[in-house]
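In: 3D model of this:
(one chain, ligands or ions: 1)
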Amino acid sequence: MEPLTNLSVIKDLLARHGFSFSKSLGQNFIVNPSVCPRISQLGGAAPGVGVIEIGAGIGVLTAQLAQDGEKVVCIEIDSRLLPILDETLAPYSNVTIVNQDVLKVDLHQLIRDQFPGMEVVVCANLPYYITSPILMKLLEDRLPIRSITVMVQKEAAQRICARPGSREAGAISAAIRYYSEPQVLFHVSRGSFLPAPQVDSTVIRLDILPQPAVAVREERLYFEGVRAAFSQRRKTVHNALAAYFGRPKDWAAQVLAQAGIPPLARAEQLTVEQFAALADALAGAGLSQGET
Ligand code: SAM
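Out: Residues are numbered from 1 along each chain as shown. As a prediction, this is how the structure comes out:
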């Protein structure tokens, strides 16, 4: 079969199926032949390893993962792609396409049903409009997976991989580091896609930690504290906490003192350990289950 990165092959395929790209579904398909082998290899697709992919497109990455991995389950929301995938993935008997919104799939059950006893990794060129919700679902669901290797918008990669306490850090950095160790793998220029997006991309890998990075009394309050601290980015954490929880500034000052956080600190200056201390101080300040 002709490579699925060949432009005339793709155009012929799409024309025969009367397919037009959906911008709102983030459909930018990989046409640079060097990208998929690197995602697959660095993402850990190998004999004995089960792979979950999100968003098949015409199946260019799916085919690579099927060649390298033991078994691939790909979740694709757009049913217009199914007849195309029937054709492009016909040579691979180890691929299953699930035609659903990834945010609505019970991934625990999918892993139990499809990958019994197998090591599992996630590899994907993500639809950029829902990068954060997808990553947070994959992490918060505490799936039995080894790593998540995904292509995302370059700026999103910088925020996701930023170390909390550094200038680029955002709420997503603190959330990601709770569950995983992120790293930048390689950059991909906008010309590597059809249609070419307005932005460049970066492939990152999140290695899942065996235990969360920090221990907290109530996990929910770690994420609530992160959200609150970053809710008013140009203000101090002190002001942001008071506004977010609708409490007096004295209350916020006490919480911060309890957590050992300087009163004038800003959210991007806080480390994962300080967010953990904030979570425990919030638990001690009457924000336990059901009180926020
Ligand atoms: N993997 C292909 C590639 O690299 O060429 C396609 C990647 S494209 C950036 C993203 C894919 O995700 C599209 O095929 C799109 O239809 C699909 N998609 C968008 N939103 C989705 C969702 N909520 N659940 C599952 N798939 C989704």
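In: CA only for contacts and neighbour counts going forward, please
Out: Noted.
In: Tell me the residues of the stretch 51-200 of the chain that contact the ligand?
Out: 54-57, 59-61, 75-78, 101-103, 125-127 (CA under 6 Å from any ligand atom).
In: from those residues, which ones fall inside strands?
Out: Among these, the ones falling in strands (DSSP state E) are Ile54, Ile75, Asn125.
In: wouldn't Ser189 be in contact with Ser201 here?
Out: Yes: Ser189 lies in contact with Ser201 (CA atoms under 8 Å); the separation is 6.2 Å.
In: Looking at the two, which has the bigger crowd around it?
Out: More crowded of Ser189 and Ser201, by other CA atoms under 10 Å: Ser201, with 23 against 14.
In: So what sits opposite Arg205 in the bridge?
Out: Thr149, Gln183 (DSSP bridges).
In: Identify the residues contacting it.
Out: Shown in contact with Arg205 (CA atoms under 8 Å, 6 or more residues apart in numbering): Gly43, Ser147, Ile148, Thr149, Val150, Pro182, Gln183, Val184, Leu185.
In: what's the closest of the residues you listed to the ligand?
Out: Val150 (10.0 Å; CA to the nearest ligand atom).
In: Check what pLDDT that closest one gets.
Out: The model reports Val150 with a pLDDT of 98.
In: Spatially nearest residue to it (excluding sequence neighbours)?
Out: Spatial nearest neighbour of Val150, chain neighbours left out: Ala124 (4.8 Å); criterion: CA to CA, 6 or more residues apart in numbering.
In: returning to what we had before: who wins for most neighbours among the ones in strands among the residues of the stretch 51-200 of the chain next to the ligand?
Out: Neighbour max across those (other CA under 10 Å) = Asn125, 27 neighbours.
In: Surely that one touches Gly57?
Out: No: under the criterion of CA under 8 Å, Asn125 makes no contact with Gly57, lying 9.4 Å away.
In: Most remote residue from the middle of this protein, which is it?
Out: In the chain, the residue that sits farthest from the middle, by CA atoms, centre = their mean, is Asp250; the gap is 36.9 Å.
In: element containing that one?
Out: helix 249-259 (DSSP states H and E).
In: From the chain's centroid, how far away is the helix or strand following that helix?
Out: Per DSSP H and E, helix 249-259 leads on to helix 272-284 as the next helix or strand towards the C-terminus. The chain centroid and the centroid of helix 272-284 are separated by 24 Å under CA atoms, centre = their mean, to the nearest Å.
In: Now helix 272-284: buried residues?
Out: Val272, Glu273, Gln274, Phe275, Ala276, Ala277, Leu278, Ala279, Asp280, Ala281, Leu282, Ala283 (16 or more other CA atoms under 10 Å).
In: Check stretch 105-124 too.
Out: In stretch 105-124, counting by 16+ other CA under 10 Å, buried: Leu107, Ile111, Gln114, Phe115, Met118, Glu119, Val120, Val121, Val122, Cys123, Ala124.
In: of the residues you listed, closest to the ligand?
Out: Taking CA to the nearest ligand atom as the measure, the ligand lies nearest Ala124 of the buried residues of stretch 105-124, at 6.1 Å.
In: correct me, but that closest one touches Val152?
Out: No: the pair Ala124 and Val152 does not pass the contact test of CA under 8 Å, sitting 9.1 Å apart.
In: Which strand or helix spans the residue minimising distance to the centre of the chain?
Out: Note on the chain: the residue nearest the mean C-alpha position is Leu135, at 2.5 Å, using CA atoms, centre = their mean. Here Leu135 sits within helix 131-140, counting by DSSP H and E.
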